[in-house]
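>>> no FASTA, just this:
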């Protein structure tokens, strides 16, 4: 099949050899065997004297927009496609064949573009300027991971095939535009308004040498047009920004740079990890303790991962994160770059948090602490059920902090087939729970102290059962002193109430270290830091009996003791026996450890998590990014009330956010 060709050489770099370019393009493997008529626009100063041209080729030194208009009109008159090349682009006849086939496959496709090479033949140029700005070009093997084609709107490319029917029906280019690219934006928008779209062929790669960074994208950015063209385009095509933002290449471009981060072995960079710690508070609670512990373990590994920790400004300052994790980036807002993987160090509470991580990384994993909020219902944010079902369907991996938590989650939510899962406890090593020297000198060992207070630990959530337990014990033992973490009010002058989440780590450890005994009355936990912290100081813990308590006790070294109870009325008897030095039943410790096996430390936990993420990111075929993208697009079409509630797709340097 014969085609007409228009080549715009008018804006090539100084010193560009037009004579060599024409000779190269006229080769039979490129345009020579397919081109009927070739029009080249060039600046007069760039055209050498007596420049010979092949048969059917002509050089125009006037307005390139007029030259393109005339070439388009001639192609329409002869009912031939017109191939437009902007600059030094070298399409082969095979690539042109792919474009013509793709355009012919659908009567409502009016234009077709190939992919262009990037910094070298092993890379391809980005689609547009959206996505990770640190990526200059994409590894060519990435094209095997994307669809054969994208159907988009209003995307003039540096290599663009205009279907013959379009050239026939849509007339001339508008000569008010100063650039060919601006005139093409307008021309394509006119065709698109009649239903004719553009297909980008990901299986056709055309050479377009790039001599400087950053490598220019395949598509012509709106903001690269002359200012006068942008104003004119906005006047003539007022919907062009909408078409570009909703139906252009931005989403695909962001997905491709995200996948490029996942192909770190091909891209030549270290794998990168975003640790989402936005649930971290300025004080200490279970979520914050878990996040900080895992971060400590990961940092000690000095792994070959490029790690960024995302949290609030307040939490970053309170926990001295920059000083604690040298070599890591500490971010207080979503970074503009993308990552190989993103791990949220707590369960998500809103769909938006998962959209954030989807935009940020190809692989999304979540550390799941417990299902308490869902079960109790009253503390759960709205739509938590849908949020966690989205996670169960679309996460790449789930990490649970106990088998007990994993069983609760799987009983409540259907997890998709093939979900990668890991059960890794938080640290079980007593050395990770001893904070300096907080203990006040005592006359006897921690298990038989006759001085000090009874420490009732929890928070003000109902399932912690702190208030009723404190009232019961203070009534039964009126001469004992109590410190309660999480109670709402002191019951007697011998009761001191502290607000959960407001104490420093040192203050909390001082309470554990100096308590006569610790009462942990919670009905429901996912792990239980009070268990580990009490044992670390060799103390006595009185805790409600549960399968989780047995699971954790079996993995702790024999140090201190755990005294279980089943009901509140049993608690008084158990505490009374302890206070009087009488025998009580205890849980056996360390039964799940092999001989000479030590409990897991934070560093061990970090190693297990990093190994999980390494395995997770090693198989791109199981990546859920594309499925998430489709579902998020559906969510974005939700009623406006949801959009008003804050549902949004975070922009990542989208070119189409610029004013046209």
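Perfect, thanks for sending it. Please read all numbers here as calculations on a predicted model, not as lab measurements.

>>> what comes up buried for stretch 336-352?
Neighbour-count burial for stretch 336-352, with 16 or more other CB atoms under 10 Å as criterion, is recorded at 337-352. (Glycine included, C-beta is placed from N, CA and C.)

>>> just stretch 464-472 next, same as before
464-467, 469-470, 472.

>>> now stretch 395-405
By neighbour count with 16+ other CB under 10 Å, stretch 395-405 contains the buried residues 395-402, 404-405.

>>> Those: which two are farthest apart?
Comparing all pairs in the buried residues of stretch 395-405 by CB to CB, the longest separation belongs to 396 and 404, at 23.3 Å.

>>> what ranges do the helices span in the stretch 201-350 of the chain?
In the stretch 201-350 of the chain, the helices defined using DSSP state H, counting those that start in this stretch lie at 227-236, 240-247, 250-262, 264-267, 286-301, 313-318, 321-324.

>>> Tell me which of the ones you listed lies nearest to residue 521.
Of all the helices of the stretch 201-350 of the chain, it is helix 286-301 that lies closest to residue 521, at 15.4 Å by CB to CB.

>>> what's next to the closest one, contact-wise?
275, 277, 279-281, 307, 309, 315, 319, 324-325, 327-328, 345-346, 367, 369, 401, 426-427, 432, 505, 527, 529, 601-607, 609-610 (CB atoms under 8 Å, 6 or more residues apart in numbering).

>>> Counting only strands, which of these make the cut?
275, 307, 309, 367 (DSSP state E).

>>> Can you tell me which of these lies closest to residue 67?
Nearest to residue 67 among these, with distances taken as CB to CB, is residue 307, at 53.1 Å.

>>> how far away is the closest one from residue 330?
Using CB to CB, to the nearest Å, residue 307 is found at 10 Å from residue 330.

>>> So which of those two has more stuff around it?
With neighbours defined as other CB atoms under 10 Å, residue 307 and residue 330 compare such that residue 307 has more, 21 against 16.

>>> those helices in the stretch 351-500 of the chain, which residues are they?
351-360, 372-376, 384-394, 403-412, 466-476.

>>> Quick one: list the elements packing against the shortest one.
When contacts are defined as 3 or more CB pairs under 8 Å, 6 or more residues apart in numbering; DSSP states H and E, helix 372-376 sits against helix 384-394, helix 403-412.

>>> For the ones you listed, could you give me TSV that also reports mean pLDDT and distance to residue 262?
Compiled in TSV, the helices and strands packed on helix 372-376 are given as follows (pLDDT from 0 to 100; distance: least, CB to CB, whole Å):
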stretch	mean pLDDT	distance to residue 262
helix 384-394	96	16
helix 403-412	97	26
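
>>> how about low-confidence regions in the stretch 301-450 of the chain?
Scanning the stretch 301-450 of the chain for pLDDT under 70 picks out 436-450.

>>> Residue 527 against residue 369, yeah?
Yes - contact criterion CB atoms under 8 Å: residue 527 and residue 369 qualify, at 7.1 Å.

>>> Need the residues touching each of these two.
Common contact partners of residue 527 and residue 369 (CB under 8 Å, 6+ apart): 286, 290, 401, 405.

>>> now, which of these sits nearest residue 492?
Taking CB to CB as the measure, residue 492 lies nearest residue 286 of these, at 28.0 Å.

>>> so who does residue 31 touch?
By CB under 8 Å, 6+ apart, the residues touching residue 31 are 5, 25, 38, 83, 91, 93.

>>> ok, of the residues you listed, which one's closest to residue 422?
Comparing the contacts of residue 31 against residue 422 with CB to CB places residue 91 closest, at 48.0 Å.
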